[in-house]
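Visitor: after the sequence you'll find the predicted model.
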Amino acid sequence: MFKKNTAGVDTARVKERLEEHKTKMKLSLKACAHCTLCAESCFLYMARDKDPKYTPSYKFINSIGLLYKTKGNVDKVTLGEIRDNVWERCALCTRCYCPLGIDIPEMIALARSICREQGVYPQYDRE
Amino acid sequence: MDISTLLSGSNAYDFIRGPLVWISFIVFFLGLIFQVFRFISMTEKIDHSVYNPRPRTKLPKLSLNAETISRFLTKTKLSIVGVNPVMVIVTTLFHICLVVAPLFLLAHNILLKDAIGVSLFSFSDCFADYLTLILMACGLYFLLRRFFVARVRAITTRYDYVMLFLATAPFITGYLAYHQLLPDYYRLVISLHILSGELMLMAVPFTKFVHMVFFFVFRFSIESEYSLGKGNRTW
């Protein structure tokens, strides 16, 4: 297998951040039943023609979930994809509703914070 | 030796219906206790004397008039029940049947009485049969939803199919065994029934089935606008 090119990413720091929140985040990720009942609570999902990529569960699975799945060994491209999920597809309005009580905004906020630390965030003046 | 011979062999059969039953109960209960304690360690009690953004007020007296009914209907329409009524009904039925059917099944209670001398109230076999059929229909609905609803398909992995199968397998095999629909393989089917039930129980605290505890603990004890109970704890 090819080794992931993690150049430009401080993976040790990413791992440290993941470790700090491990218990709650992993339990939350595990408890998600993948029911997608959270979808309609997201105004962006409703406004974007019900695009599945805007479902709150899709966003946290493919951001913080991905970071835990890869144990923090991520490259810049993956962080860029995570950025799209946590900034472009989420306004962090905190209105998402999970019937099981999963704290989705906190998961998105943690993914944002990790991306920001690694210099991956929307740069509106340059894009 | 193939799997059917192995499972219906007397050694495997005795192990599945003997020690493994107790092992699965122990893993299930200890696992649940572990998860609840872990949850308590992750949260703390709220001191409302310091900060109380949502002071609890006495509930208004329940009165049925046009205004209260209209308010209730508007709230329901905007809630998850109004937005996804079919899914809410199906999932509620599924979970009720999942717990109630095995717990109050006559055959299970006879085994319980033989083993520890006490048993629970039992449904008639016919009623338990209906509950099993409802559960299987709900399971099929979940499966079709995973296949055909785009947003569900987008986050579905093989793991979801395995867990759905694990949740419904004890009921499918139980139905096949009770009605002896595969008479030549009865021993195999009943072994699979017991084994799948045990695997399901052991999986509850450590897999996505943990939402069984998560739901009650989080929705009833964490304070938020979606709290269902007192909500006197915070992360």
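Guide: Cool, got the structure.

Visitor: regarding chain A, what is its longest helix?
Guide: The longest helix of chain A (DSSP state H) is helix A:104-117.

Visitor: neighbouring contacts of that one?
Guide: A:10, A:13-14, A:17-18, A:21, A:24-25, A:28-29, A:38, A:56-57, A:59-60, A:63-64, A:67, A:79, A:82-83, A:85-87, A:90, A:92, A:94, A:96, A:98, A:121, B:235 (C-beta atoms under 8 Å, 6 or more residues apart in numbering or on different chains). Quick note: C-beta positions are derived from backbone N, CA and C, even for glycine.

Visitor: and stretch B:66-81, how far from the chain's centre?
Guide: Chain-centre distance of stretch B:66-81: 28 Å, with C-alpha atoms, centre = their mean, to the nearest Å.

Visitor: which single residue in chain B comes nearest to chain A?
Guide: Relative to chain A, the nearest point of chain B is residue B:218 (3.1 Å; C-beta to the nearest C-beta).

Visitor: hang on, the earlier thing: drop anything exposed from the contacts of helix A:104-117.
Guide: A:14, A:17-18, A:21, A:24-25, A:28-29, A:38, A:56-57, A:59-60, A:63-64, A:67, A:79, A:82-83, A:85-87, A:90, A:96, A:98 (16 or more other C-beta atoms under 10 Å in any protein chain shown).

Visitor: out of the residues you listed, which are close to chain B?
Guide: Among the buried ones among the contacts of helix A:104-117, the ones lying near chain B by C-beta under 8 Å from any C-beta of the partner chain are A:24, A:57.

Visitor: so which of the contacts of helix A:104-117 are in helices?
Guide: Judged by DSSP H, the subset of these located in helices is A:13-14, A:17-18, A:24-25, A:28-29, A:56-57, A:59-60, A:64, A:67, A:79, A:82-83.

Visitor: what residues are up against residue B:232?
Guide: Per C-beta under 8 Å, 6+ apart, neighbours of residue B:232: B:45-46, B:48, B:221, B:223.

Visitor: ramachandran angles for it?
Guide: Main-chain torsions, residue B:232, degrees, to the nearest 10: phi -110, psi 20.

Visitor: quick check: it vs residue B:48, distance?
Guide: 8 Å (C-beta to C-beta, to the nearest Å).

Visitor: and for residue B:25?
Guide: From residue B:25 across to residue B:48, the span is 39 Å (C-beta to C-beta).

Visitor: my guess is residue A:93 meets residue A:43, correct?
Guide: Yes. Counting by C-beta atoms under 8 Å, residue A:43 is a contact partner of residue A:93 at 7.0 Å.

Visitor: find the residues that touch each one of the two.
Guide: Counting by C-beta under 8 Å, 6+ apart, residue A:93 and residue A:43 have no common neighbour.

Visitor: host element of the residue of chain B closest to chain A?
Guide: Assigning secondary structure by DSSP states H and E places residue B:218 in helix B:211-221.

Visitor: can you give me the buried ones in that helix?
Guide: In terms of neighbour count (16+ other C-beta under 10 Å), helix B:211-221 has its buried residues at B:211-215, B:217-219, B:221.

Visitor: helices and strands around it, which ones?
Guide: Contact partners of helix B:211-221 among helices and strands, from 3 or more C-beta pairs under 8 Å, 6 or more residues apart in numbering or on different chains; DSSP states H and E: helix A:22-31, helix B:19-42.

Visitor: nearest to residue B:175 among those would be which one?
Guide: Closest approach to residue B:175 among those is made by helix B:19-42 (20.0 Å; C-beta to C-beta).

Visitor: for the closest one, give the mean pLDDT please.
Guide: What helix B:19-42 shows for mean pLDDT is 92.

Visitor: continuing past it, what's the next helix or strand?
Guide: Using DSSP H and E, the helix or strand that follows helix B:19-42 towards the C-terminus is strand B:44-45.

Visitor: quick one: that following strand near chain A?
Guide: No. Against chain A, strand B:44-45 shows no contacts by C-beta under 8 Å from any C-beta, the least distance being 12.8 Å.

Visitor: give the pairing partners of that strand; include direction for each.
Guide: strand B:233-234 (antiparallel) (DSSP bridges).

Visitor: give me the distance between the strand it pairs with and the centre of its chain.
Guide: Worked out by C-alpha atoms, centre = their mean, strand B:233-234 lies 25 Å from the chain centre.

Visitor: so which strand or helix has residue A:34?
Guide: Element membership for residue A:34, per DSSP H and E: none, as it lies in no helix or strand.

Visitor: whoops, residue A:6 was the one
Guide: Per DSSP H and E, residue A:6 falls between elements, in no helix or strand.
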